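Student: Could you work out the structure for the sequence below:
(one chain, ligands or ions: 1)
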Amino acid sequence: MQPIFHSAVSLGKLPEDLVDKLGQFVKVEIVDRTQPLSLERMQELAASFDVILSEPQDRLDRQTLEGGKVKMIAQRAVGFDNIDFEYCKEQGILVANTPGVLDKATADLTFSLFLACARRIVEADKYVRAGLWNGFENELMLGHETAGKTFGIVGMGRIGKEVARRAQAFDMRIIYTRSDCSDSFESDEKDLDLQQKYGACRVSLNTLMRESHFISLNCPLNKDTAGLIGAEQIALMKDQAILINTSRGKVVDEAALVKALVENRIVAGLDVFSYEPNVPEALIKLNNVVLAPHIGSATEETRKAMAQLAVNAVIMAAQGKSAANLLNQSPAL
Ligand code: GLV
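Tutor: Predicted coordinates for the structure are as follows:
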């Protein structure tokens, strides 16, 4: 049945041309906010709008949606762990996300953090600005060589593959896990393909944690991946191994990660945190962690493409059609 949309709200700014385009089908309002909105405000919006264009910080669970009038959520992100998708399916609420357009930008940020950690770029910048540099020193700011090392990718989806392409260009050995990351996983054709394309070898999570010099988390957050990297997995990491997280904070046990960083056992580049925008206080003064404010997909081009995909999904739904990025039609979900 074709949904009738009268009103849509975009949480966060939307490019003008897209507001106009969407405005031809539905009345559009923009709620420009930087901080996550309160539950009460989210409930108010859910009670007032047929369509919500959301972002990762917007709480769209049963408590927000129950009793509201929302018929569609178009999330401007590939991850949709902030949305209770099971509840939406139950209620016939359409949900779309933005896969495919942000893989390269997110892989670039992953590599930016990785190289910043491996070559101590942020620390070096602070050192120069503080006027501490007295001249060339043979042992100043020694970092890690990347070539010949092992790069572990947790989650070999679209973003994971882009990360693998970059790691391959850096002459690294690539190992990876997929959703079954137990010791008894069974390899299939996809693994053969990944071996051929990137020389990448599938391993269990524990093997990856143990063997990698550098680890990148690129899996979605869901019931199977929440807390996937716990104290036990962190303990398996090599001394001074680098962990990069551009997926979701809750994939990692944040307390265990902070502890390992405070003890200077490992190094990390973090773009995501368990309770954004809160960054654990203990990390602020550490040199062995590089921090970023959830900017994995933040390039002009990618953010525009994400907005376009989300708006397009709403317009198609308003015309009774299903966009390819409509999650409700995915057999895997
Ligand atoms: C961003 O965090 C995304 O999931 O696209």
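Student: Can you check the pLDDT for the residue nearest in space to the middle of the chain?
Tutor: Centroid check for the chain by C-alpha atoms, centre = their mean gives Ser247 as the closest residue, at 3.0 Å. At Ser247, the pLDDT value in this model is 98.
Student: Can you name the residues of the stretch 51-200 of the chain that neighbour the ligand?
Tutor: Near the ligand, the residues belonging to the stretch 51-200 of the chain are 56, 77-79, 102 when assessed by C-beta under 6 Å from any ligand atom. Where C-beta positions appear, they are placed from N, C-alpha and C, glycine not excepted.
Student: which one among the residues you listed gets closest to His294?
Tutor: For these, the minimum distance to His294 (C-beta to C-beta) is 7.2 Å, reached by Pro56.
Student: The closest one looks like it's in a strand, true?
Tutor: No. Read with DSSP: H, G, I helix; E, B strand; the rest coil, Pro56 is coil and lies in no strand.
Student: what number of residues lie near the closest residue to it other than its chain neighbours?
Tutor: Excluding its sequence neighbours, the residue lying closest to Pro56 (C-beta to C-beta, 6 or more residues apart in numbering) is Ala77, at 4.9 Å. The burial count assigned to Ala77 is 22, neighbours taken as other C-beta atoms under 10 Å.
Student: Check whether Val19 really touches Val28, as I assumed.
Tutor: Yes. Counting by C-beta atoms under 8 Å, Val28 is a contact partner of Val19 at 5.5 Å.
Student: Mind listing the shared neighbours of those two?
Tutor: The contact sets of Val19 and Val28 overlap at Ser10 (C-beta atoms under 8 Å, 6 or more residues apart in numbering).
Student: residue ranges for the helices of the stretch 1-150 of the chain, please.
Tutor: Secondary structure of the stretch 1-150 of the chain (DSSP state H, counting those that start in this stretch): helices located at 16-23, 39-48, 62-65, 85-91, 103-118, 121-129.
Student: avg pLDDT for the first one?
Tutor: What it means is helix 16-23. For helix 16-23, the mean pLDDT works out to 98.
Student: mind listing what's buried in that helix?
Tutor: Within helix 16-23, the residues that count as buried by 16 or more other C-beta atoms under 10 Å are 18-19, 21-22.
Student: from the residues you listed, which is closest to the ligand?
Tutor: Closest to the ligand out of these is Leu18 (17.3 Å), distances taken as C-beta to the nearest ligand atom.
Student: Give me the nearest residue to that closest one, chain neighbours excluded.
Tutor: Residue nearest to Leu18 in three dimensions, not counting chain neighbours: Val311, with 4.8 Å by C-beta to C-beta, 6+ apart.
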